[in-house]
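> okay, predicted coordinates and the sequence, questions at the end:
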Amino acid sequence: MTARTPAERRQQANALPPVPDADATAIAAFLDAIWAESGLAKPSLESYRRDLEGFARWRNGKAGGLPAADRAALFDYLAWRTREGYSPRSNARLLSALRAFFAHRLRRGDRADDPTALLDPPRLPRSLPKALTETEIDALLDTPDVASPLGLRDRAMLELMYAAGLRVSELVHLPANGVNLRQGVIRVTGKGSKDRLVPLGEESQHWLEKYLDTARTRLADGRPIPKMADGEVPLFIEPTRKPPTRQQFWGLVKRYAAAAGIDPVRISPHGLRHSFATHLLNRGADLRALQLLLGHSSLSTTQIYTLVAREHLKQLHGRHHPRA
């Protein structure tokens with residue numbers, strides 16, 4: 001069977017029956033519970049919801065629905081997804097959602113067993129984060145037209161993303177009161193609702209000040225800026241006075257990359273975070289300090305950048321050493 005394209009898979013998923021009511025109730029109760037227990041961020045909760053609802057729609061209420069699924073049903077679903085061309089990373093994420101769901105049912109006493117216990121996660125290929133060179137970063141940051149309010153805002157966003165190593169969700173949801181220009185730091189709420197303080201750097205601070213002094217006021221056009229879902233006023237706004245979405249920021253990064261002569265395929269908003277980490281490490285930053293700046297809960301997550309730095313050194317050696 002030929003693997004389907006992503007567009008064909010989306011079309012097929014849309015053709016599946018709706019989530020049965022009993023399954024929808026069980027999924028909602030699970031998401032409420034893990035949000036209360038571990039404070040998972042909204043994107044993570046939505047990811048869990050999509051994966052669990054996908055399995056529930058595929059099962060279509062058979063044999064007690066999602067809460068009653070056994071190991072054979074989970075195995076069949078994972079095998080079906082593999083045949084349909086879903087990536088190992090996507091299936092690993094699904095299995096993580098299923099493990100969390102059934103562990104919750106087990107703790108509540110709603111099940112006596114965990115059907116995911118003997119399922120092995122798919123083997124993932126190791127992929128190193130893709131970082132831009134410092135020259136490419138300079139070209140990208142110089143691209144926005146800072147004579148316009150939106151161009152000035154975009155310059156401030158790109159500078160901040162690179163200077164502070166933010167996740168794109170952290171950037172677009174950054175509250176106005178999270179910036180302390182006097183001390184040169186920002187307060188960022190990352191995964192698990194954990195706060196961290198990150199220094200701005202002179203360039204980023206300069207462009208933030210210019211944005212706040214002129215562009216933000218012009219974008220708001222004298223109208224009050226509505227609060228976000230968390231009750232905070234956004235720092236960065238669209239002409240609609242709402243914060244830009246992650247998809248909108250993704251689009252502007254691609255657009256500015258193309259204008260700067262950088263292949264848009266090579267760059268994403270997360271690539272600016274990777275560049276931040278890689279460039280710091282290349283210049284001698286301490287790994288634990290980098291862990292704090294990135295907001296990683298585990299040092300092992302940060303250590304991937306040591307492999308990036310090592311690969312960079314190997315490439316330099318290969319290009320310039322006479323006996324490479």
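Looks like it arrived, so ask away. Remember, predicted model here, so these are calculated numbers, not experimental data.

> show me the domain layout of the protein.
In terms of domains, the chain is parsed into 6-108, 134-320 (source: automatic domain parsing).

> kindly reformat the ones you listed as a markdown table containing mean neighbour count, mean pLDDT and distance to R123.
In short, each C-beta sits where N, CA and C put it, glycine included. Compiled in a markdown table, these are given as follows (neighbours: other C-beta atoms under 10 Å; pLDDT from 0 to 100; distance: least, C-beta to C-beta, whole Å):
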| stretch | mean neighbour count | mean pLDDT | distance to R123 |
| --- | --- | --- | --- |
| domain 6-108 | 16 | 86 | 7 |
| domain 134-320 | 17 | 86 | 17 |
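
> quick check: which element contains D114?
For D114, there is no host helix or strand (DSSP states H and E).

> doesn't A103 make contact with it?
Yes: here D114 reaches A103: they are 6.5 Å apart, a contact under C-beta atoms under 8 Å.

> which residues in the stretch 151-300 of the chain form helices?
Secondary structure of the stretch 151-300 of the chain (DSSP state H, counting those that start in this stretch): helices at 168-172, 202-210, 216-220, 246-259, 269-282, 287-294, 299-302.

> mind putting those helices into CSV with distance to D154?
Conversion of these to CSV gives the following (distance: least, C-beta to C-beta, whole Å):
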stretch, distance to D154
helix 168-172, 12
helix 202-210, 10
helix 216-220, 11
helix 246-259, 6
helix 269-282, 12
helix 287-294, 23
helix 299-302, 29
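
> out of those helices, flag the one nearest D76.
helix 299-302 (32.5 Å; C-beta to C-beta).

> redo the domains of the chain as TSV? Include distance to D120.
Listed next are the domains of the chain as TSV, based on distance: least, C-beta to C-beta, whole Å:
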stretch	distance to D120
domain 6-108	9
domain 134-320	20
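
> P122 is nearest to which of those?
Per C-beta to C-beta, nearest to P122 of the domains of the chain: domain 6-108, 3.9 Å.

> roughly how far out does the closest one sit from the chain middle?
Using C-alpha atoms, centre = their mean, to the nearest Å, the mean C-alpha position of domain 6-108 is found 20 Å from that of the whole chain.

> how close does V179 get to G192?
22 Å (C-beta to C-beta, to the nearest Å).

> likewise E170?
E170 is 12 Å from G192, by C-beta to C-beta.

> same thing with R57?
Distance check for R57 against G192: by C-beta to C-beta, it reads 29 Å.

> what's the answer for H279, then?
Applying C-beta to C-beta to H279 and G192 gives a distance of 26 Å.

> repeat that for K62.
Taken as C-beta to C-beta, the span from K62 to G192 is 35 Å.

> cool, Q247 as well?
For Q247, the distance to G192 - C-beta to C-beta - is 23 Å.

> what of R111?
In terms of C-beta to C-beta, R111 sits 26 Å off from G192.

> and G54, by the same measure?
From G54 to G192 the distance is 24 Å (C-beta to C-beta).
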